[in-house]
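[1] need a structure here:
(one chain, ligands or ions: 1)
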Amino acid sequence: MRVLVTGAAGSIGRVVTVGLADRGHEIVGLDRVPAPDGFDGPWHLIDCADPDAVASVFAETDLDAVVHLAGHPGESNLPDSLTSHVVTTAALLDAMVEHDVTRIVYAGSNHAVGRTPRQETLTEQARPRPDTFYGVGKVAAEAVMSLYADRYGIDAVSCRIGSFLPQPETLRNLSTWLSPDDCVRMVDAALTTTAPGFAVLYGVSANTRAWWDLEPGRWLGYEPQDDAEEFAGTVATRGEDESEAAYVGGPFALSEFYRPALDRA
Ligand code: 15L
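    Okay, the predicted model is just below:
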């Protein structure tokens, strides 16, 4: 497939562009910064919150699918979060409809349900329960994709990613880790699964201590191979571990992340 990868220069983007190319996909990169060394495909240096710039990319390239990874990976005020996660997604979806591109794989986040108390395994049926304005942006982006799935028949898979890291670093990560190799497996499955409509999966490895249901991913062909437990001996305990264990979103659910939605002069 010819796949437009947004946020292609980011930490997940760099891994996914290489991994998807190894699996036979043709990658078109998009980011606000230049292509990393070693990337030799087409590259669009644009902000995907700009609908005209996004439309021009679709007008000049025949695409089969979009992998939307662009977006600020942490907390911000509400308008910035909405721009980063919702406006970018909407700009891509509008261009997809116009150019008959029917598949989008989205870097959703566990923070869309991060304020859920951590008591039982969370399924894809969990109600949206963001822990931050970042999480609000991720929930709203999923809502826009759901709308476009219903209105226009777009296939949209939101991968609610846990903690994408080379290896787990904290006790929480032993549950939330998504390994780089599993991330590529996940995105490839979400790209190629047959007619998912709008679907959600939890983007974590096959962690022994996982809190999230891996079945929704398996239905879509995502079979994780790695397990954070392999690194358990390297993870030191920290004072914050107990408070981070209260909610799915870990530190993002704690009061140090509370802030007003809007910045005032
Ligand atoms: C995310 O979605 C964030 O982008 C990242 O900064 C981490 O907080 C990660 O989730 C996580 O929950 O570990």
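
[2] Could you check how far the residue nearest to Pro260 when sequence neighbours are not counted is from the ligand?
    Distances taken as C-beta to C-beta, 6 or more residues apart in numbering place Asn77 nearest to Pro260, at 7.6 Å, with adjacent residues excluded. Heads up, the C-betas are built off the backbone N, CA and C, glycines and all. Distance from Asn77 to the ligand, counting by C-beta to the nearest ligand atom, to the nearest Å: 16 Å.

[3] pLDDT at Asn77, what is it?
    At Asn77, the model reports a pLDDT of 98.

[4] correct me, but it touches Gly137?
    No. The criterion here is C-beta atoms under 8 Å, and Asn77 misses it with Gly137 at 10.7 Å.

[5] okay, those two: which has more neighbours?
    The neighbour comparison of Asn77 against Gly137 (other C-beta atoms under 10 Å) goes to Gly137, with 29 against 13.

[6] List the residues that contact the more buried one.
    Gly71, Ser81, Leu82, Ser84, His85, Val86 (C-beta atoms under 8 Å, 6 or more residues apart in numbering).

[7] do the same with Leu69
    Counting by C-beta under 8 Å, 6+ apart, Leu69 has contacts Val5, Thr6, Gly7, Ala8, Gly10, Ile12, Gly13, Val16, Ala107.

[8] What lies in contact with the strand or helix carrying the first one?
    By that I understand Val5. Using DSSP states H and E, Val5 sits within strand 2-6. Defining contact as C-beta under 8 Å, 6+ apart, one finds that strand 2-6 is touched by 13, 16-17, 20, 25-31, 48, 57, 61-70, 88, 92, 191.

[9] Of all the residues in stretch 143-160, which ones are buried?
    Buried positions in stretch 143-160, judged by neighbour count with 16 or more other C-beta atoms under 10 Å: Val144, Met145, Ser146, Tyr148, Ala149, Ile154, Asp155, Ala156, Val157, Ser158, Cys159, Arg160.
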